[in-house]
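> Dropping a prediction and its sequence here:
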Amino acid sequence: MIFPFHPHHLLPKFPLTSAARAMALEAHKDQKYGELPYDYHLKAVVKALEDVDFEEYDVLAAAAWLHDAVEDTSLTLHDIRQRCGGRVARLVDAVTDGPGETRQERKAAMYVKLQAAPWEARRLKLADRIANTEASIEDPKRSRMYASEFPEFIRRVGGDHQNQDLALRLFWLYLDSPSVRDLPARVNRLEEAARASARVMWMAENYAEAGGRFGPEVRSCQEAKEALRRALDE
């Protein structure tokens, strides 16, 4: 059974989500997400997790509300474990940045945890990246950062068959980002992504089937897929 995102009046049916939401709203209450209240981002991550199997929804939605709590607030994994249980705490831990002096080092440490975690943790991270990418459309610096990280990110996070819907959605966002919007940049980025991960091929095929276009110079999406195949054959 597929269970989409639910409005707040249904939260009592999901005790972990209800508890996690209350914890997150209190922990992040003085923080901003750009110019917006921080819960704008948390809600966007929860929304991106729609179409989750019913029995998984409560755990994943709870983790989504709390996914930045350990990284950005005084809440600890112990606090989360006490209120929401071990599964939620493990998911939050898996998507929390590891130690490091630079963003690259912190993300590399997080990827190690993610790859050892259940597929649900990678779904949560995909939802987080989708929400951040969508919010960065009007921020060229952040948009370029996420676009530059896409090949490594999708290689590390996008391989689970359960998560192909979110991986494909992120792929579309990547192709539509300002830094890869022109045709030459798109082809170059696609080839780069293809070299990083053969999984990008099924994304390109789905993109074509959904009617996506790479630009006026490309007569069909088949040409873009052929460019990817050439890259994979090298």
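Received, thanks.

> At which residues are the strands of this structure located?
Assigned by DSSP state E, the strands in the chain fall at 2-3, 32-33, 36-37, 52-53.

> weakest of the ones you listed in terms of mean pLDDT?
In terms of mean pLDDT, the lowest-scoring of those is strand 2-3 (a mean of 39).

> what's the neighbour count on residue 27?
Residue 27 has 20 neighbours, counted by other CB atoms under 10 Å. Placement of C-beta: from N, CA and C, glycine included.

> which residues of this protein score low on pLDDT?
Applying pLDDT under 70 to the chain picks out residues 1-12, 51-55, 178-234.

> Which segments of it make up each domain?
Following automatic domain parsing, one gets these domains for the chain: 1-135, 138-234.

> any idea where the helices of the protein begin and end?
15-27, 39-48, 54-66, 69-72, 77-84, 86-95, 103-116, 119-135, 140-157, 164-175, 183-196, 200-209, 221-233 (DSSP state H).

> could you dump those to JSON lines with distance to residue 33?
What follows is the helices of the chain, written out as JSON lines (distance: least, CB to CB, whole Å):
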{"stretch": "helix 15-27", "distance to residue 33": "12"}
{"stretch": "helix 39-48", "distance to residue 33": "4"}
{"stretch": "helix 54-66", "distance to residue 33": "14"}
{"stretch": "helix 69-72", "distance to residue 33": "10"}
{"stretch": "helix 77-84", "distance to residue 33": "20"}
{"stretch": "helix 86-95", "distance to residue 33": "17"}
{"stretch": "helix 103-116", "distance to residue 33": "18"}
{"stretch": "helix 119-135", "distance to residue 33": "7"}
{"stretch": "helix 140-157", "distance to residue 33": "12"}
{"stretch": "helix 164-175", "distance to residue 33": "18"}
{"stretch": "helix 183-196", "distance to residue 33": "27"}
{"stretch": "helix 200-209", "distance to residue 33": "28"}
{"stretch": "helix 221-233", "distance to residue 33": "34"}
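
> mind listing what residue 20 touches?
For residue 20, the contact set (CB atoms under 8 Å, 6 or more residues apart in numbering) comprises 61, 62, 63, 65, 66, 80, 83, 84, 88.

> Could you tell me how far it is located from residue 147?
31 Å (CB to CB, to the nearest Å).

> Residue 165 too?
Residue 165 is 21 Å from residue 147, where distance means CB to CB.

> neighbour count winner among those two?
Neighbour count, other CB under 10 Å: between residue 165 and residue 147, residue 147 has more, with 21 against 13.

> Show the contacting residues for the closest residue to residue 93 other than its chain neighbours.
Closest residue in space to residue 93, ignoring its immediate chain neighbours: residue 77 at 5.6 Å, by CB to CB, 6 or more residues apart in numbering. Going by CB under 8 Å, 6+ apart, residue 77 touches 70, 89, 92, 93.

> Check the gap between residue 77 and residue 105 for me.
To residue 105, residue 77 is 21 Å away according to CB to CB.

> Would you confirm that residue 41 contacts residue 131?
Yes - contact criterion CB atoms under 8 Å: residue 41 and residue 131 qualify, at 5.9 Å.

> What residues of stretch 38-46 count as buried?
38, 39, 41, 42, 43, 44, 45, 46 (16 or more other CB atoms under 10 Å).

> then that stretch to CSV, C-alphas only?
Only the C-alpha atoms of stretch 38-46 are listed here, as CSV (Å, rounded to 0.1, in the frame of the first residue of the first chain):
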residue,chain,number,x,y,z
TYR,A,38,13.7,26.4,9.3
ASP,A,39,10.6,24.3,9.3
TYR,A,40,10.1,25.3,5.7
HIS,A,41,13.0,23.0,4.8
LEU,A,42,11.9,20.2,7.1
LYS,A,43,8.4,20.2,5.6
ALA,A,44,10.0,20.0,2.1
VAL,A,45,12.0,16.9,3.0
VAL,A,46,8.9,15.2,4.5
